[in-house]
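Undergrad: One predicted model, sequence on top.
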Amino acid sequence: MTSVVSRADAESFRGVVATRLGLQFDDAKLDELSNTLRARMLAVRAPTVDAYIARLDARELSAVAERLTVGETYFFRYREQLDALDEVVFPTLLHHGSRPLRVLSAGCATGEEAYTLAILAQHVGNVEVVAFDVNPTALARARVGQYATWSLRETPASMRERYFSAEGGQYTLSNEIRSLVRFEQRNLLDDDPLFWQPGAFDVVFCRNVIMYFSAPAMRVAVDRIARSMRRGGYLFMGHAETLRGVSRAFHLCHTHDTFYYQRKDPREPIAPDMQRAEREQQLVSAPMPVAVALGLDASWIDVIRRASERVAKLATEHAAASPVNARTRPDTAPVLDMMRRERFDEALDLLATFSPSDPETQLLRAILLTNNGRHREAEEICADLLARDELNAGAHYLLALCREHSGDADAAREHDRIATYLDERFAMPHVHMGLLERRAGHFERAADELRRALELLGSEDASRILLFGGGFSREALALLCRNELRRCGASP
(Lines give C-alpha, C1' and ligand atoms only; values in the text may rest on other atoms or scores of the structure.)
Protein backbone atom coordinates (compact mmCIF):
# COMPACT_ATOMS: atom_id res chain seq x y z
CA MET A 1 0.00 0.00 0.00
CA THR A 2 1.40 3.36 -1.03
CA SER A 3 1.04 6.69 0.74
CA VAL A 4 2.35 8.74 -2.20
CA VAL A 5 -0.18 11.32 -3.36
CA SER A 6 0.45 13.09 -6.65
CA ARG A 7 -0.81 16.53 -7.63
CA ALA A 8 -3.35 14.88 -9.93
CA ASP A 9 -4.58 12.78 -6.97
CA ALA A 10 -4.94 15.91 -4.85
CA GLU A 11 -6.86 17.64 -7.62
CA SER A 12 -9.22 14.67 -7.95
CA PHE A 13 -9.75 14.71 -4.20
CA ARG A 14 -10.39 18.47 -4.36
CA GLY A 15 -13.18 17.84 -6.88
CA VAL A 16 -14.78 15.23 -4.62
CA VAL A 17 -14.58 17.56 -1.61
CA ALA A 18 -16.19 20.35 -3.62
CA THR A 19 -19.00 18.09 -4.84
CA ARG A 20 -19.72 16.25 -1.59
CA LEU A 21 -18.96 18.94 1.01
CA GLY A 22 -19.25 22.10 -1.08
CA LEU A 23 -15.82 23.25 0.14
CA GLN A 24 -13.63 25.06 -2.35
CA PHE A 25 -9.83 25.04 -2.11
CA ASP A 26 -7.46 26.93 -4.37
CA ASP A 27 -4.06 25.67 -5.54
CA ALA A 28 -2.37 27.09 -2.45
CA LYS A 29 -4.27 24.52 -0.36
CA LEU A 30 -3.33 21.49 -2.44
CA ASP A 31 -0.64 20.46 0.06
CA GLU A 32 -3.24 20.49 2.85
CA LEU A 33 -5.56 18.37 0.71
CA SER A 34 -2.70 15.98 -0.09
CA ASN A 35 -1.90 15.56 3.60
CA THR A 36 -5.55 14.92 4.44
CA LEU A 37 -5.92 12.43 1.60
CA ARG A 38 -2.74 10.58 2.60
CA ALA A 39 -3.76 10.41 6.28
CA ARG A 40 -7.26 9.14 5.54
CA MET A 41 -5.99 6.55 3.04
CA LEU A 42 -3.71 5.16 5.73
CA ALA A 43 -6.48 5.26 8.32
CA VAL A 44 -8.87 3.15 6.24
CA ARG A 45 -6.09 1.10 4.56
CA ALA A 46 -7.05 2.15 1.03
CA PRO A 47 -4.32 0.95 -1.41
CA THR A 48 -5.03 3.62 -4.06
CA VAL A 49 -6.70 6.98 -4.35
CA ASP A 50 -9.42 5.50 -6.56
CA ALA A 51 -10.10 2.80 -3.97
CA TYR A 52 -10.32 5.42 -1.23
CA ILE A 53 -12.73 7.64 -3.16
CA ALA A 54 -14.89 4.61 -3.94
CA ARG A 55 -15.37 3.93 -0.22
CA LEU A 56 -15.95 7.58 0.75
CA ASP A 57 -19.24 7.00 2.59
CA ALA A 58 -20.98 9.37 5.00
CA ARG A 59 -18.85 8.29 7.96
CA GLU A 60 -15.58 8.77 6.11
CA LEU A 61 -16.80 12.07 4.69
CA SER A 62 -17.31 13.26 8.26
CA ALA A 63 -13.71 12.37 9.06
CA VAL A 64 -12.55 14.38 6.05
CA ALA A 65 -14.70 17.34 7.10
CA GLU A 66 -13.22 17.16 10.59
CA ARG A 67 -9.72 17.67 9.18
CA LEU A 68 -10.62 20.33 6.61
CA THR A 69 -13.02 22.58 8.51
CA VAL A 70 -11.97 25.06 11.16
CA GLY A 71 -14.79 26.13 13.46
CA GLU A 72 -13.23 29.09 15.30
CA THR A 73 -16.03 30.84 17.13
CA TYR A 74 -16.98 32.30 20.50
CA PHE A 75 -20.01 33.43 22.47
CA PHE A 76 -21.71 36.71 21.50
CA ARG A 77 -19.70 37.03 18.29
CA TYR A 78 -20.73 39.92 15.97
CA ARG A 79 -22.56 41.85 18.66
CA GLU A 80 -24.17 44.18 16.12
CA GLN A 81 -26.05 41.27 14.54
CA LEU A 82 -27.17 40.02 17.93
CA ASP A 83 -28.48 43.49 18.81
CA ALA A 84 -30.45 43.51 15.54
CA LEU A 85 -31.82 40.06 16.40
CA ASP A 86 -32.81 41.17 19.89
CA GLU A 87 -34.22 44.60 19.06
CA VAL A 88 -35.64 44.15 15.55
CA VAL A 89 -36.07 40.51 14.56
CA PHE A 90 -37.55 38.97 17.69
CA PRO A 91 -40.08 41.80 18.27
CA THR A 92 -41.10 41.77 14.59
CA LEU A 93 -41.63 38.02 14.41
CA LEU A 94 -43.47 37.84 17.72
CA HIS A 95 -45.79 40.61 16.57
CA HIS A 96 -46.74 38.70 13.42
CA GLY A 97 -47.29 35.25 14.87
CA SER A 98 -48.17 33.31 17.97
CA ARG A 99 -46.44 29.98 17.32
CA PRO A 100 -43.07 29.17 18.88
CA LEU A 101 -40.08 30.60 17.05
CA ARG A 102 -37.61 28.18 15.49
CA VAL A 103 -34.04 29.38 15.11
CA LEU A 104 -31.42 27.51 13.07
CA SER A 105 -27.65 27.69 13.55
CA ALA A 106 -26.16 26.22 10.36
CA GLY A 107 -22.49 25.29 10.62
CA CYS A 108 -22.60 25.60 14.40
CA ALA A 109 -19.08 24.24 15.04
CA THR A 110 -18.60 23.75 18.80
CA GLY A 111 -21.91 25.34 19.72
CA GLU A 112 -21.06 28.84 20.94
CA GLU A 113 -23.33 30.52 18.37
CA ALA A 114 -26.29 28.21 19.00
CA TYR A 115 -26.05 28.63 22.77
CA THR A 116 -25.75 32.42 22.39
CA LEU A 117 -29.02 32.41 20.45
CA ALA A 118 -30.64 30.34 23.18
CA ILE A 119 -29.47 32.79 25.84
CA LEU A 120 -30.80 35.79 23.90
CA ALA A 121 -34.13 34.02 23.41
CA GLN A 122 -34.70 33.73 27.16
CA HIS A 123 -36.82 36.87 27.34
CA VAL A 124 -38.71 36.02 24.15
CA GLY A 125 -40.57 32.99 25.41
CA ASN A 126 -41.08 29.78 23.52
CA VAL A 127 -38.04 29.43 21.22
CA GLU A 128 -36.45 26.27 19.85
CA VAL A 129 -32.85 26.38 18.61
CA VAL A 130 -31.71 23.73 16.14
CA ALA A 131 -28.02 23.51 15.26
CA PHE A 132 -26.05 21.35 12.88
CA ASP A 133 -22.52 20.89 11.61
CA VAL A 134 -20.73 18.41 9.38
CA ASN A 135 -17.93 17.90 11.91
CA PRO A 136 -18.79 15.17 14.47
CA THR A 137 -15.95 16.05 16.86
CA ALA A 138 -17.10 19.66 17.06
CA LEU A 139 -20.66 18.51 17.76
CA ALA A 140 -19.48 16.24 20.56
CA ARG A 141 -17.79 19.21 22.22
CA ALA A 142 -20.90 21.31 21.70
CA ARG A 143 -23.13 18.80 23.50
CA VAL A 144 -20.80 18.77 26.53
CA GLY A 145 -21.17 22.55 26.84
CA GLN A 146 -17.80 23.18 28.45
CA TYR A 147 -15.62 26.06 27.25
CA ALA A 148 -12.32 27.82 27.95
CA THR A 149 -12.17 31.46 29.04
CA TRP A 150 -11.20 32.50 25.50
CA SER A 151 -14.61 31.37 24.18
CA LEU A 152 -16.31 33.73 26.62
CA ARG A 153 -14.17 36.78 25.85
CA GLU A 154 -17.13 38.80 24.50
CA THR A 155 -19.71 37.45 26.95
CA PRO A 156 -21.19 40.12 29.25
CA ALA A 157 -20.25 39.55 32.89
CA SER A 158 -23.91 39.29 33.90
CA MET A 159 -24.49 36.51 31.35
CA ARG A 160 -21.36 34.67 32.43
CA GLU A 161 -22.42 34.73 36.07
CA ARG A 162 -25.98 33.67 35.33
CA TYR A 163 -25.50 30.90 32.78
CA PHE A 164 -22.02 29.45 33.44
CA SER A 165 -20.25 27.78 36.34
CA ALA A 166 -16.45 27.84 36.64
CA GLU A 167 -14.77 24.47 37.07
CA GLY A 168 -10.98 24.15 36.99
CA GLY A 169 -10.29 26.86 34.45
CA GLN A 170 -13.27 25.82 32.31
CA TYR A 171 -16.78 27.23 32.14
CA THR A 172 -19.71 24.83 31.98
CA LEU A 173 -22.98 26.03 30.50
CA SER A 174 -26.11 25.54 32.59
CA ASN A 175 -28.50 22.71 31.81
CA GLU A 176 -31.20 25.37 31.44
CA ILE A 177 -29.58 26.66 28.23
CA ARG A 178 -28.19 23.37 26.97
CA SER A 179 -31.68 21.84 27.00
CA LEU A 180 -32.90 24.51 24.58
CA VAL A 181 -30.58 23.46 21.74
CA ARG A 182 -30.82 20.35 19.60
CA PHE A 183 -27.62 19.39 17.80
CA GLU A 184 -27.52 17.29 14.64
CA GLN A 185 -24.82 16.15 12.27
CA ARG A 186 -25.67 17.03 8.70
CA ASN A 187 -24.23 18.49 5.54
CA LEU A 188 -25.79 21.70 4.27
CA LEU A 189 -25.57 20.35 0.71
CA ASP A 190 -27.41 17.10 1.48
CA ASP A 191 -31.14 17.38 0.99
CA ASP A 192 -33.45 16.04 3.68
CA PRO A 193 -37.11 16.90 3.01
CA LEU A 194 -38.09 16.10 6.60
CA PHE A 195 -35.60 18.64 7.94
CA TRP A 196 -35.84 21.31 5.24
CA GLN A 197 -39.60 21.63 5.33
CA PRO A 198 -41.19 24.79 3.88
CA GLY A 199 -41.58 27.49 6.54
CA ALA A 200 -39.72 25.42 9.14
CA PHE A 201 -37.48 28.22 10.43
CA ASP A 202 -38.10 31.80 11.51
CA VAL A 203 -34.46 32.83 11.86
CA VAL A 204 -31.36 31.29 10.29
CA PHE A 205 -27.78 32.02 11.25
CA CYS A 206 -25.39 30.76 8.58
CA ARG A 207 -22.26 32.77 9.26
CA ASN A 208 -18.89 32.17 7.61
CA VAL A 209 -20.06 28.92 6.05
CA ILE A 210 -20.87 29.50 2.39
CA MET A 211 -17.84 31.74 1.90
CA TYR A 212 -15.80 28.53 1.51
CA PHE A 213 -18.24 27.01 -0.99
CA SER A 214 -17.99 26.97 -4.75
CA ALA A 215 -20.47 29.23 -6.54
CA PRO A 216 -22.86 26.38 -7.47
CA ALA A 217 -22.72 25.04 -3.91
CA MET A 218 -23.52 28.51 -2.55
CA ARG A 219 -26.67 28.67 -4.64
CA VAL A 220 -27.77 25.18 -3.61
CA ALA A 221 -27.23 25.94 0.06
CA VAL A 222 -28.96 29.33 0.04
CA ASP A 223 -31.87 28.05 -2.04
CA ARG A 224 -32.36 25.24 0.47
CA ILE A 225 -32.31 27.69 3.38
CA ALA A 226 -34.70 30.06 1.61
CA ARG A 227 -37.26 27.34 0.92
CA SER A 228 -37.23 26.32 4.57
CA MET A 229 -37.86 29.82 5.92
CA ARG A 230 -41.15 31.42 6.75
CA ARG A 231 -42.21 34.49 4.82
CA GLY A 232 -40.66 37.49 6.55
CA GLY A 233 -38.07 35.38 8.38
CA TYR A 234 -34.49 36.61 8.79
CA LEU A 235 -31.12 35.33 7.62
CA PHE A 236 -27.81 36.37 9.17
CA MET A 237 -24.53 35.74 7.36
CA GLY A 238 -20.86 36.50 8.00
CA HIS A 239 -19.54 40.02 7.45
CA ALA A 240 -17.62 38.89 4.35
CA GLU A 241 -20.61 37.10 2.81
CA THR A 242 -23.30 38.52 0.55
CA LEU A 243 -26.21 37.16 -1.48
CA ARG A 244 -25.33 39.32 -4.49
CA GLY A 245 -25.29 36.97 -7.47
CA VAL A 246 -26.35 34.06 -5.26
CA SER A 247 -30.04 34.50 -4.45
CA ARG A 248 -32.90 36.91 -5.10
CA ALA A 249 -35.16 35.46 -2.42
CA PHE A 250 -34.32 38.04 0.25
CA HIS A 251 -34.57 41.75 0.97
CA LEU A 252 -31.43 43.44 2.30
CA CYS A 253 -31.72 44.97 5.80
CA HIS A 254 -29.32 47.43 7.44
CA THR A 255 -29.68 48.38 11.09
CA HIS A 256 -27.39 48.46 14.12
CA ASP A 257 -24.45 49.07 11.76
CA THR A 258 -24.78 45.59 10.26
CA PHE A 259 -26.35 43.90 7.23
CA TYR A 260 -28.75 40.96 7.23
CA TYR A 261 -31.62 39.65 5.09
CA GLN A 262 -35.38 39.20 5.29
CA ARG A 263 -37.14 36.45 3.36
CA LYS A 264 -39.38 37.72 0.60
CA ASP A 265 -42.86 36.40 0.07
CA PRO A 266 -42.22 33.17 -1.93
CA ARG A 267 -45.20 34.11 -4.10
CA GLU A 268 -43.52 37.36 -5.13
CA PRO A 269 -42.64 36.98 -8.83
CA ILE A 270 -39.26 37.81 -10.33
CA ALA A 271 -39.69 39.87 -13.48
CA PRO A 272 -38.38 38.04 -16.56
CA ASP A 273 -36.12 40.93 -17.55
CA MET A 274 -34.46 40.82 -14.14
CA GLN A 275 -33.88 37.09 -14.46
CA ARG A 276 -32.03 37.93 -17.65
CA ALA A 277 -30.27 40.79 -15.91
CA GLU A 278 -28.97 38.41 -13.30
CA ARG A 279 -27.54 36.14 -16.00
CA GLU A 280 -25.96 39.11 -17.74
CA GLN A 281 -24.48 40.41 -14.50
CA GLN A 282 -22.69 37.09 -14.08
CA LEU A 283 -21.21 37.56 -17.55
CA VAL A 284 -20.18 41.17 -16.99
CA SER A 285 -18.59 40.37 -13.63
CA ALA A 286 -16.27 37.76 -15.13
CA PRO A 287 -12.65 38.90 -14.65
CA MET A 288 -10.91 40.84 -17.43
CA PRO A 289 -7.37 39.95 -18.49
CA VAL A 290 -4.88 41.49 -16.07
CA ALA A 291 -3.35 43.81 -18.66
CA VAL A 292 -6.76 45.18 -19.57
CA ALA A 293 -7.94 45.49 -15.97
CA LEU A 294 -4.83 47.51 -15.11
CA GLY A 295 -4.97 49.58 -18.28
CA LEU A 296 -1.45 48.53 -19.36
CA ASP A 297 -0.35 49.39 -22.90
CA ALA A 298 -3.92 49.96 -24.00
CA SER A 299 -5.94 53.04 -24.84
CA TRP A 300 -9.41 53.46 -23.39
CA ILE A 301 -10.81 52.62 -26.83
CA ASP A 302 -8.84 49.36 -26.81
CA VAL A 303 -10.03 48.60 -23.30
CA ILE A 304 -13.63 49.18 -24.35
CA ARG A 305 -13.24 47.13 -27.54
CA ARG A 306 -11.65 44.18 -25.77
CA ALA A 307 -14.16 44.30 -22.91
CA SER A 308 -16.98 44.35 -25.45
CA GLU A 309 -15.50 41.37 -27.29
CA ARG A 310 -15.09 39.49 -24.02
CA VAL A 311 -18.69 40.08 -22.97
CA ALA A 312 -19.99 39.21 -26.44
CA LYS A 313 -18.04 35.94 -26.42
CA LEU A 314 -19.31 35.03 -22.96
CA ALA A 315 -22.86 35.97 -23.91
CA THR A 316 -22.68 33.73 -26.99
CA GLU A 317 -21.36 30.81 -24.94
CA HIS A 318 -24.03 31.35 -22.29
CA ALA A 319 -26.84 31.55 -24.83
CA ALA A 320 -25.69 28.28 -26.42
CA ALA A 321 -25.65 26.55 -23.02
CA SER A 322 -28.89 28.08 -21.78
CA PRO A 323 -32.26 26.43 -22.45
CA VAL A 324 -33.70 29.91 -22.93
CA ASN A 325 -31.98 32.14 -25.46
CA ALA A 326 -31.47 35.65 -24.12
CA ARG A 327 -31.94 38.32 -26.73
CA THR A 328 -28.87 39.97 -28.23
CA ARG A 329 -27.42 42.45 -25.78
CA PRO A 330 -26.97 46.03 -26.99
CA ASP A 331 -23.53 47.12 -28.17
CA THR A 332 -22.60 49.69 -25.55
CA ALA A 333 -19.03 50.29 -26.75
CA PRO A 334 -19.98 53.46 -28.71
CA VAL A 335 -21.75 54.80 -25.62
CA LEU A 336 -18.66 54.18 -23.50
CA ASP A 337 -16.50 55.93 -26.09
CA MET A 338 -18.78 58.98 -25.95
CA MET A 339 -18.56 58.90 -22.15
CA ARG A 340 -14.78 58.86 -22.34
CA ARG A 341 -14.93 62.02 -24.48
CA GLU A 342 -17.57 63.55 -22.15
CA ARG A 343 -20.14 63.73 -24.95
CA PHE A 344 -22.90 62.92 -22.50
CA ASP A 345 -25.84 64.30 -24.48
CA GLU A 346 -24.91 62.29 -27.57
CA ALA A 347 -24.49 59.18 -25.46
CA LEU A 348 -27.93 59.71 -23.94
CA ASP A 349 -29.44 60.11 -27.41
CA LEU A 350 -27.86 56.82 -28.49
CA LEU A 351 -29.09 55.05 -25.37
CA ALA A 352 -32.61 56.24 -26.15
CA THR A 353 -32.58 53.82 -29.09
CA PHE A 354 -31.97 50.85 -26.77
CA SER A 355 -34.62 48.91 -24.88
CA PRO A 356 -35.73 50.88 -21.80
CA SER A 357 -36.30 47.64 -19.88
CA ASP A 358 -32.68 46.52 -20.17
CA PRO A 359 -30.99 46.97 -16.73
CA GLU A 360 -27.55 47.62 -18.20
CA THR A 361 -28.97 50.33 -20.45
CA GLN A 362 -30.79 51.91 -17.55
CA LEU A 363 -27.70 51.89 -15.35
CA LEU A 364 -25.68 53.51 -18.14
CA ARG A 365 -28.39 56.12 -18.54
CA ALA A 366 -28.30 56.88 -14.81
CA ILE A 367 -24.50 57.25 -14.95
CA LEU A 368 -24.74 59.68 -17.85
CA LEU A 369 -27.48 61.70 -16.18
CA THR A 370 -25.39 61.92 -13.02
CA ASN A 371 -22.34 63.08 -14.97
CA ASN A 372 -24.55 65.61 -16.75
CA GLY A 373 -25.84 67.05 -13.46
CA ARG A 374 -29.37 65.70 -13.93
CA HIS A 375 -29.47 64.08 -10.50
CA ARG A 376 -33.25 63.94 -10.07
CA GLU A 377 -33.71 61.90 -13.25
CA ALA A 378 -30.76 59.66 -12.35
CA GLU A 379 -32.21 59.03 -8.91
CA GLU A 380 -35.56 58.00 -10.39
CA ILE A 381 -33.86 55.45 -12.64
CA CYS A 382 -31.77 54.07 -9.77
CA ALA A 383 -34.85 53.75 -7.59
CA ASP A 384 -36.55 51.78 -10.36
CA LEU A 385 -33.50 49.52 -10.77
CA LEU A 386 -33.36 48.84 -7.04
CA ALA A 387 -37.08 48.11 -6.91
CA ARG A 388 -36.33 45.22 -9.27
CA ASP A 389 -32.88 44.30 -7.95
CA GLU A 390 -32.01 45.79 -4.57
CA LEU A 391 -28.57 44.14 -4.62
CA ASN A 392 -27.33 46.31 -7.51
CA ALA A 393 -24.15 47.87 -6.10
CA GLY A 394 -23.77 50.34 -8.98
CA ALA A 395 -27.26 51.76 -8.50
CA HIS A 396 -26.63 52.21 -4.77
CA TYR A 397 -23.41 54.09 -5.50
CA LEU A 398 -25.12 56.43 -7.96
CA LEU A 399 -27.86 57.05 -5.42
CA ALA A 400 -25.15 58.02 -2.93
CA LEU A 401 -23.93 60.69 -5.36
CA CYS A 402 -27.49 61.92 -5.95
CA ARG A 403 -28.27 62.05 -2.24
CA GLU A 404 -25.11 64.04 -1.56
CA HIS A 405 -26.12 66.52 -4.27
CA SER A 406 -29.50 66.88 -2.53
CA GLY A 407 -27.78 67.67 0.76
CA ASP A 408 -28.63 64.35 2.43
CA ALA A 409 -25.17 63.17 3.53
CA ASP A 410 -26.54 60.50 5.86
CA ALA A 411 -28.46 58.81 3.05
CA ALA A 412 -25.41 59.13 0.81
CA ARG A 413 -23.29 57.30 3.39
CA GLU A 414 -25.96 54.62 3.74
CA HIS A 415 -26.01 53.86 0.01
CA ASP A 416 -22.20 53.89 -0.12
CA ARG A 417 -22.04 51.39 2.74
CA ILE A 418 -24.55 49.13 1.01
CA ALA A 419 -22.57 49.30 -2.24
CA THR A 420 -19.34 48.30 -0.45
CA TYR A 421 -21.11 45.48 1.35
CA LEU A 422 -22.60 44.13 -1.88
CA ASP A 423 -19.29 44.36 -3.75
CA GLU A 424 -16.23 44.43 -1.51
CA ARG A 425 -13.94 45.11 -4.51
CA PHE A 426 -15.81 48.29 -5.57
CA ALA A 427 -13.38 51.18 -4.99
CA MET A 428 -15.52 54.24 -5.79
CA PRO A 429 -17.92 54.08 -2.80
CA HIS A 430 -14.88 54.10 -0.52
CA VAL A 431 -13.51 57.15 -2.35
CA HIS A 432 -16.86 58.89 -1.96
CA MET A 433 -17.24 58.00 1.73
CA GLY A 434 -13.72 59.24 2.35
CA LEU A 435 -14.60 62.59 0.82
CA LEU A 436 -17.87 62.80 2.77
CA GLU A 437 -16.19 62.02 6.08
CA ARG A 438 -13.32 64.45 5.46
CA ARG A 439 -15.74 67.28 4.69
CA ALA A 440 -17.65 66.43 7.87
CA GLY A 441 -14.44 66.65 9.91
CA HIS A 442 -14.35 62.92 10.69
CA PHE A 443 -10.70 62.55 9.74
CA GLU A 444 -10.00 59.08 11.14
CA ARG A 445 -13.00 57.57 9.37
CA ALA A 446 -12.09 59.44 6.20
CA ALA A 447 -8.54 58.09 6.31
CA ASP A 448 -9.78 54.52 6.74
CA GLU A 449 -12.02 54.82 3.68
CA LEU A 450 -9.38 56.53 1.53
CA ARG A 451 -6.75 53.90 2.37
CA ARG A 452 -9.19 51.15 1.49
CA ALA A 453 -9.95 52.93 -1.80
CA LEU A 454 -6.24 53.06 -2.62
CA GLU A 455 -5.93 49.34 -1.95
CA LEU A 456 -8.78 48.58 -4.34
CA LEU A 457 -7.97 51.01 -7.13
CA GLY A 458 -4.92 49.06 -8.25
CA SER A 459 -7.03 46.07 -9.26
CA GLU A 460 -10.30 47.84 -10.04
CA ASP A 461 -11.79 46.91 -13.41
CA ALA A 462 -10.81 49.49 -16.04
CA SER A 463 -14.30 49.63 -17.54
CA ARG A 464 -15.80 50.26 -14.09
CA ILE A 465 -13.41 53.17 -13.54
CA LEU A 466 -14.61 54.57 -16.85
CA LEU A 467 -18.24 54.13 -15.80
CA PHE A 468 -18.11 55.31 -12.20
CA GLY A 469 -14.88 57.31 -11.97
CA GLY A 470 -16.44 60.65 -12.90
CA GLY A 471 -13.99 61.17 -15.77
CA PHE A 472 -10.89 60.48 -13.62
CA SER A 473 -8.29 57.88 -14.58
CA ARG A 474 -7.05 55.23 -12.16
CA GLU A 475 -3.91 57.30 -11.50
CA ALA A 476 -5.87 60.50 -10.96
CA LEU A 477 -8.20 58.79 -8.48
CA ALA A 478 -5.22 57.41 -6.57
CA LEU A 479 -3.65 60.88 -6.49
CA LEU A 480 -6.94 62.32 -5.24
CA CYS A 481 -7.01 59.78 -2.40
CA ARG A 482 -3.42 60.57 -1.39
CA ASN A 483 -4.08 64.30 -1.39
CA GLU A 484 -7.22 63.84 0.70
CA LEU A 485 -5.30 61.67 3.15
CA ARG A 486 -2.79 64.48 3.63
CA ARG A 487 -5.66 66.91 4.25
CA CYS A 488 -6.80 64.52 6.99
CA GLY A 489 -3.33 64.66 8.53
CA ALA A 490 -2.74 61.01 7.64
CA SER A 491 -0.17 59.22 5.52
CA PRO A 492 -1.16 57.09 2.50
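TA: The structure has been received and is ready for your questions. Numbering: from 1, shown residues only.
Undergrad: counting contacts, what elements does the lengthiest strand in the chain pack onto?
TA: Ranked by residue count and defined by DSSP state E, the top strand of the chain is strand 229-237. Contacts defined by 3 or more C-beta pairs under 8 Å, 6 or more residues apart in numbering; DSSP states H and E place strand 229-237 against helix 90-95, strand 201-206, strand 258-263. In short, each C-beta sits where N, CA and C put it, glycine included.
Undergrad: Pick the most deeply packed of those.
TA: strand 201-206 (a mean of 24; mean count of other C-beta atoms under 10 Å).
Undergrad: which residue ranges form the helices in the stretch 251-400 of the chain?
TA: Here the stretch 251-400 of the chain has its helices, by DSSP state H, counting those that start in this stretch, at 272-284, 290-293, 300-321, 333-340, 344-351, 359-371, 375-388, 393-405.
Undergrad: go on, the stretch 1-150 of the chain?
TA: Along the stretch 1-150 of the chain, counting by DSSP H, counting those that start in this stretch, helices occupy 7-21, 30-44, 49-54, 58-68, 79-84, 90-95, 112-120, 136-144.
Undergrad: which stretch in those helices has the least confidence?
TA: Mean pLDDT is lowest for helix 58-68 among these, at a mean of 76.
Undergrad: That helix: how far from the chain's middle?
TA: How far helix 58-68 lies from its chain's middle: 26 Å, per C-alpha atoms, centre = their mean, to the nearest Å.
Undergrad: One more: stretch 402-419?
TA: The answer for stretch 402-419 is 22 Å, by C-alpha atoms, centre = their mean.
Undergrad: So what touches that stretch?
TA: Stretch 402-419 is contacted from outside by 252, 254, 259, 370, 375-376, 378-379, 382, 393-394, 396-397, 399-401, 426, 429-430, 432-433, 436, 440, using C-beta atoms under 8 Å, 6 or more residues apart in numbering.
Undergrad: how many other residues sit next to T420?
TA: Burial measure for T420: 24 neighbouring residues, criterion other C-beta atoms under 10 Å.
Undergrad: same thing with the one 10 residues further on?
TA: By the criterion of other C-beta under 10 Å, H430 has 24 neighbours.
Undergrad: Just give the nearest non-adjacent residue to it, would you?
TA: A453 (3.9 Å; C-beta to C-beta, 6 or more residues apart in numbering).
Undergrad: same question, E346
TA: M338 (5.2 Å).
Undergrad: just checking, that neighbour touches L350?
TA: Yes: under the criterion of C-beta atoms under 8 Å, M338 makes contact with L350 at 7.0 Å.
Undergrad: So what does the most centrally placed residue in the chain have for phi and psi?
TA: Residue closest to the average C-alpha location in the chain (C-alpha atoms, centre = their mean): T242, at 1.8 Å. Backbone torsions of T242, given as degrees, to the nearest 10, read phi -150, psi 160.
Undergrad: what residues are up against the residue nearest to it when sequence neighbours are not counted?
TA: Spatially, and ignoring its direct neighbours in sequence, T242 is nearest to L422 (5.7 Å; C-beta to C-beta, 6+ apart). By C-beta under 8 Å, 6+ apart, the contact list for L422 reads T242, R244, L252, L391, N392, A393, H396.
Undergrad: could you measure L422 against R182, distance?
TA: 34 Å (C-beta to C-beta, to the nearest Å).
Undergrad: how many other residues sit next to L252?
TA: L252 has 18 neighbouring residues, counting by other C-beta under 10 Å.
Undergrad: So for D331, what's the pLDDT?
TA: According to the prediction, D331 has pLDDT 68.
Undergrad: In CSV, list the helices of the stretch 1-150 of the chain along with distance to Q170.
TA: Output for the helices of the stretch 1-150 of the chain, formatted as CSV (distance: least, C-beta to C-beta, whole Å):
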stretch, distance to Q170
helix 7-21, 31
helix 30-44, 29
helix 49-54, 38
helix 58-68, 22
helix 79-84, 24
helix 90-95, 30
helix 112-120, 14
helix 136-144, 10
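Undergrad: now, of those, which is deepest in the fold?
TA: helix 112-120 (a mean of 25).
Undergrad: Mind checking the pLDDT average for the longest strand of the chain?
TA: Here the average pLDDT along strand 229-237 is 95.
Undergrad: Neighbouring strands - and their directions - for that strand?
TA: strand 201-206 (parallel), strand 258-263 (antiparallel) (DSSP bridges).
Undergrad: What lies in contact with it?
TA: Residues outside strand 229-237 that contact it (C-beta under 8 Å, 6+ apart): 81, 85, 89, 92-93, 96-97, 199-207, 210, 225-226, 243, 250, 253, 260-266.
Undergrad: how far out from the middle of the chain is that strand?
TA: Centroid separation for strand 229-237 versus its chain: 16 Å, with C-alpha atoms, centre = their mean.
Undergrad: In contact with V103: list those residues for me.
TA: L117, A121, V127, E128, V129, V130, F201, D202, V203, V204, F205.
Undergrad: ok, the residue nearest to T242 to I381 distance?
TA: 18 Å.
Undergrad: which residue packs closest to R207, ignoring adjacent ones?
TA: Nearest to R207 is G238, by C-beta to C-beta, 6+ apart, at 4.3 Å.
Undergrad: I figured that neighbour hits F205, correct?
TA: No: G238 is beyond contact range of F205, at 9.7 Å (criterion: C-beta under 8 Å).
Undergrad: Walk me through the domains of the chain.
TA: What automatic domain parsing lists as the domains of the chain is 7-68, 79-263, 273-487.
Undergrad: So, low pLDDT: which residues of this structure?
TA: The model of the chain has pLDDT under 70 over residues 1-3, 69-72, 96-98, 266-331.
Undergrad: how many other residues sit next to the residue nearest to R207?
TA: Count around G238 with other C-beta under 10 Å applied: 17.
Undergrad: Spit out the contact partners of D257.
TA: Neighbours of D257 in contact, by C-beta under 8 Å, 6+ apart: E80.
Undergrad: Kindly provide the distance from it to G232.
TA: Applying C-beta to C-beta to D257 and G232 gives a distance of 23 Å.
Undergrad: since we're on the nearest residue to G394 once chain neighbours are set aside, how many residues are nearby?
TA: Sequence neighbours aside, L363 is the residue nearest to G394 in space, at 5.5 Å (criterion: C-beta to C-beta, 6+ apart). Using other C-beta under 10 Å, L363 has 20 other residues around it.
Undergrad: Show me the contact partners of stretch 373-392.
TA: 242-245, 248, 251-252, 271, 273-274, 277-278, 359, 362-363, 365-367, 369-370, 395-396, 398-399, 401-403, 405-406, 422.
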